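Novice: give me the fold of what follows.
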Amino acid sequence: MVNKKDLLTYQIQYLSRILRRNADKETLTYGLTVEQGRTILYLYWHKNEVIHLTDLQKEFKLRKSSLTSLINNLEKNGYVVRIVEDSDQRQKRLKLTNLGMEKVQKLLKIFDDEESTVRNSLTNEEANELNRLLSKIMIAIENL
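Specialist: Numbers count the residues shown, from 1 in each chain. Below you'll find the model as predicted:
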């Protein structure tokens with residue numbers, strides 16, 4: 001019998017749960033979930049682009065219903081607004097509000113600290129190799 005801790009999929013899922021739990025603990029201090037925080041940061045990083053729900057759906061690999069709920073909550077709490085496109089009334093682009101922008105610096109620190117913790121546990125060579133290997137796995141899994 002294979003030890004579950006020797007399974008790559010177990011290790012990846014376990015690591016994902018730990019990272020999520022830690023990030024959730026931090027983002028909740030600002031009244032946000034991890035998904036809300038990552039969404040706010042995505043909108044910040046792409047603030048000079050037109051972003052629609054479909055862009056977020058592709059980026060985060062979420063079901064439309066889950067994404068709609070997430071955006072509804074961000075909108076209800078005043079972090080994002082939906083702006084109807086002049087060219088297509090069905091299309092709504094998303095934009096951070098001033099309140100959403102206020103959260104950005106706090107969120108950047110949370111996710112930068114998380115990244116630093118992971119990178120500091122590896123040499124630069126190991127981090128580059130891990131990044132290469134994880135990218136290879138993600139490509140394989142996305143195409144299933």
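Novice: burial of Lys4, as a residue count?
Specialist: 10 (other Cβ atoms under 10 Å). In short, each C-beta sits where N, CA and C put it, glycine included.
Novice: tell me who's in contact with it.
Specialist: Contact analysis of Lys4 by Cβ atoms under 8 Å, 6 or more residues apart in numbering lists Tyr10.
Novice: from Leu32, how far out is the residue positioned nearest the centre of the chain?
Specialist: In the chain, the C-alpha nearest the mean C-alpha coordinate belongs to Arg38, at 3.6 Å (Cα atoms, centre = their mean). With distances taken as Cβ to Cβ, to the nearest Å, Arg38 is found 9 Å from Leu32.
Novice: now do Phe60
Specialist: As for Phe60, its distance to Leu32 is 15 Å (criterion: Cβ to Cβ).
Novice: higher neighbour count, these two?
Specialist: Leu32 (23 against 14).
Novice: pretty sure the more buried one sits in a helix.
Specialist: No. Read with DSSP: H, G, I helix; E, B strand; the rest coil, Leu32 is coil and lies in no helix.
Novice: nearest residue to it in space, ignoring adjacent ones along the chain?
Specialist: With sequence-adjacent residues excluded and distances taken as Cβ to Cβ, 6 or more residues apart in numbering, Leu32 is closest to Lys103, at 6.9 Å.
Novice: any residues touching the helix or strand in which that neighbour is found, and which ones?
Specialist: Using DSSP states H and E, Lys103 maps to helix 98-120. By Cβ under 8 Å, 6+ apart, the residues outside helix 98-120 that reach it are 19, 22-23, 26-27, 30, 32, 37-38, 40-41, 43-44, 74, 77-80, 96, 127.
Novice: any weak-confidence spans in this protein?
Specialist: 1, 88-90 (pLDDT under 70).
Novice: where along the chain do the helices fall?
Specialist: 8-28, 34-45, 53-60, 64-76, 98-120, 124-142 (DSSP state H).
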